[in-house]
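K.L.:
sequence isn't available, so here's the structure alone:
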């Protein structure tokens, strides 16, 4: 078993198959990575661009190189964590042997006998829900991954969308019983929500990423940025109200078929209960009431109390009124897609006060996080899930960590930002066409540009179409208004050559970039040293200014990264281009050289309200400024691991 020192996420695609991934192993070992963290590798639908549309989980992908190449990758010198997809498979008669045969389909998939319909993954009709709660279905769909674990080729798995399963806790226990000891769950926790006591290593790190972002948002800027957003857009509603309305919209439209099926399972009360409102009212992704055992956790009771459900519905969901077990299970499977599509894929594109806070598992209503609260969260993770993954960027984040860090910096420059935005709104008025973009969309554009500048217009075009359609305000995926979209894209493109805008935008964007890089370096160091296992998304060891997928899945220049790491290893001094790479390389060297402190205690240090500092195992000290101009006085008896690179962050080890 390899020490879990640092994982490196690779998105496997035809241009990065098992063989090409194996070619990266020497570079990643030199960087200090211990484990590859691979996207789904089982046979997916032909032409798949992500691997989550599995058609046969019993064999490895032919397009990616097949089992021989996968085994060679696993034996190339790094441990392997594999992404698995238990919740759904692609509904393809041509490619999916489990779907092709009607009898097998009925056993393996969540078929509604009254209607013939099948539980789907979110709103994707051709991804069919799997009955993984059936022991035989579990065994057959997991035979290959369990074989790879038992053969010592795969050391752990990441479970995709466990909240879609009928009984997630039982699923995790079955994995443990099958010999899978290291499991990470793609569980979205709302701010303040705790991961249940499951036999897992922790989550994939969204809550850490969100805590990290909020730590660097200056709380003093909240009133200024809130008033700017209100003055510019006229939006006065709190985020919670916008999110509820978006969830309700989704429950009443996109998920109307699911609501109708819930009603058929509750024939005596389905019509009188407002199920869409109930689904939209939950403050968390889902509850985990188990009708088989009759267990109802206190956290489930709390969630239902906060949802303010009708008394009859609450009694049913809390198992106080029995004989509705199938309804209880399916209701709990339905709240996650309502939450995801309503909040992440709608409200996050409607409420644009400070975009770095609009992230998976976050709530823009929480503006910032204190140093003390950040320490408390780390101590809790260290106590309960010491191998919890620590992420800043993933394949699902709305923006890369570096883009979020730049938008973070706007809170450090709030008054100046306000002045610029209002000036730009006036100066760019003639670029608008028949009201497009509206003020909310215009503000989205300014934040996107300052967060990712310089960025090619083509990438902005693609991002804006997705953002506008997700918001579902002036256009949508189901009813696209291409004329509106064209006008918004034309506005954004015109900014590139509009002198009244560029004269002030360019210098301000450069200033934000400098501050954002300081924040990003600090966040990178915290990710690499806080309790847990740091995770690096592919290519993120250099500055990565990526937006939501597919922008964050562009091909990576691996040769550039090899060359720059070789320069650093050869003694070349760190510079702006290589600063993040240098911090990662030096910190992972320390973790490899002295693993004991990172397996030991986490001790918060009092360095004032503007510095986050702590010791690991008494022998390593980390300190980063969370506000501009903050400083730290290093303790005696320690030496600088970063060799005086003057990056404004401190990584010290005891002499």
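P.N.:
Cool, the structure landed. Treat the numbers as computed from the prediction; the structure is a model and nothing was measured.

K.L.:
show me where pLDDT drops low in the stretch 451-600 of the chain?
P.N.:
By pLDDT under 70, the stretch 451-600 of the chain contains no weakly predicted segment.

K.L.:
and for the stretch 251-400 of the chain?
P.N.:
268-271.

K.L.:
try it again with 50
P.N.:
For the stretch 251-400 of the chain, applying pLDDT under 50 flags no range at all.

K.L.:
show me where it has its helices.
P.N.:
Using DSSP state H, counting those that start in this stretch, the helices found in the stretch 251-400 of the chain span residues 256-265, 275-280, 298-307, 311-317, 325-339, 371-384.

K.L.:
over to the stretch 451-600 of the chain?
P.N.:
457-471, 482-495, 499-529, 558-569, 579-593, 595-599.

K.L.:
so for the strand or helix carrying residue 55, mean pLDDT?
P.N.:
Per DSSP states H and E: residue 55 is located in strand 54-60. Strand 54-60 shows a mean pLDDT of 98 in the predicted model.

K.L.:
contacts for that strand, please.
P.N.:
Contact with strand 54-60 is made by 40-45, 66-67, 70, 84-85, 88-90, 92, 95-99, 140-145, as judged by C-beta atoms under 8 Å, 6 or more residues apart in numbering. All C-beta atoms are positioned from the backbone trio N, CA, C, and that covers glycine.

K.L.:
for ChimeraX, what selects the buried ones among those residues?
P.N.:
Selecting only the buried entries of these in ChimeraX, with 16 or more other C-beta atoms under 10 Å as the criterion:
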select :40,41,42,43,44,45,70,84,85,88,89,90,92,95,96,98,99,140,141,142,144,145
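
K.L.:
which members of the contacts of strand 54-60 are positioned in helices?
P.N.:
66, 67, 70, 97, 98, 99, 140, 141, 143, 144, 145 (DSSP state H).

K.L.:
a markdown table for these, including pLDDT?
P.N.:
A markdown table is the format used below for the ones in helices among the contacts of strand 54-60 (pLDDT from 0 to 100):
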| residue | pLDDT |
| --- | --- |
| 66 | 97 |
| 67 | 97 |
| 70 | 98 |
| 97 | 96 |
| 98 | 96 |
| 99 | 96 |
| 140 | 97 |
| 141 | 98 |
| 143 | 98 |
| 144 | 98 |
| 145 | 98 |
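
K.L.:
show me which of the residues you listed is closest to residue 388.
P.N.:
residue 145 (21.6 Å; C-beta to C-beta).

K.L.:
wait, what's in contact with the residue lying closest to that closest one once chain neighbours are set aside?
P.N.:
Closest residue in space to residue 145, ignoring its immediate chain neighbours: residue 84 at 5.5 Å, by C-beta to C-beta, 6 or more residues apart in numbering. Residue 84 is in contact with 40, 42, 57, 142, 145, 157, 158, 159, 160, counting by C-beta under 8 Å, 6+ apart.

K.L.:
in the sheet, who's paired with residue 537?
P.N.:
Assessed by DSSP bridges, residue 537 has beta-bridge partners residue 9.

K.L.:
isn't it up against residue 389?
P.N.:
No: using C-beta atoms under 8 Å, residue 537 is not in contact with residue 389; the gap is 11.3 Å.

K.L.:
more crowded one of these two?
P.N.:
For residue 537 and residue 389, the more surrounded residue by other C-beta atoms under 10 Å is residue 389, and the numbers stand at 28 against 23.

K.L.:
dump the residue contacts of that one.
P.N.:
7, 184, 201, 202, 203, 204, 205, 208, 532, 533, 534, 535.

K.L.:
now, which of those sits nearest residue 572?
P.N.:
For these, the minimum distance to residue 572 (C-beta to C-beta) is 24.2 Å, reached by residue 534.

K.L.:
report the spatially nearest residue to residue 607, omitting neighbours in sequence.
P.N.:
residue 613 (4.0 Å).

K.L.:
state whether that neighbour is indeed within a strand.
P.N.:
Yes: counting by DSSP: H, G, I helix; E, B strand; the rest coil, one finds residue 613 located in a strand.

K.L.:
any idea how many residues pack against residue 323?
P.N.:
Considering only other C-beta under 10 Å, residue 323 is surrounded by 8 other residues.

K.L.:
run through who's touching stretch 3-13.
P.N.:
16, 18, 21, 24, 28, 31-41, 49-51, 61, 64, 79, 81, 182, 387, 389, 394-395, 528, 533-538, 553, 588, 591-592, 595.

K.L.:
give me the buried subset of the residues you listed.
P.N.:
The buried subset of the contacts of stretch 3-13 - by 16+ other C-beta under 10 Å - is 16, 18, 21, 24, 28, 31-41, 51, 61, 64, 79, 81, 182, 389, 394-395, 528, 533-538, 553, 588, 591.

K.L.:
can you tell me how far residue 654 is from residue 645?
P.N.:
20 Å (C-beta to C-beta, to the nearest Å).

K.L.:
who has more neighbours, those two?
P.N.:
The neighbour comparison of residue 654 against residue 645 (other C-beta under 10 Å) goes to residue 645, with 18 against 15.

K.L.:
where does the more buried one land in three-state SS?
P.N.:
coil.

K.L.:
where's it relative to residue 115, distance?
P.N.:
63 Å.

K.L.:
then residue 499?
P.N.:
60 Å.

K.L.:
picking up where we left off before, just the buried ones among the contacts of stretch 3-13: which are in strands?
P.N.:
Among the buried ones among the contacts of stretch 3-13, the residues falling in strands (DSSP state E) are 35, 36, 37, 38, 79, 81, 389, 533, 534, 535, 536, 537.

K.L.:
ok, these vs residue 476, which is closest?
P.N.:
Among those, and counting by C-beta to C-beta, the member closest to residue 476 is residue 537, at 29.1 Å.

K.L.:
which residues touch that closest one?
P.N.:
9, 391, 392, 393, 394, 395, 400, 544, 552.

K.L.:
ok, residue 420 next?
P.N.:
So residue 420 contacts 504, 505, 508 (C-beta under 8 Å, 6+ apart).

K.L.:
dump the residue contacts of the last one.
P.N.:
By C-beta under 8 Å, 6+ apart, the contact list for residue 508 reads 416, 420, 450.
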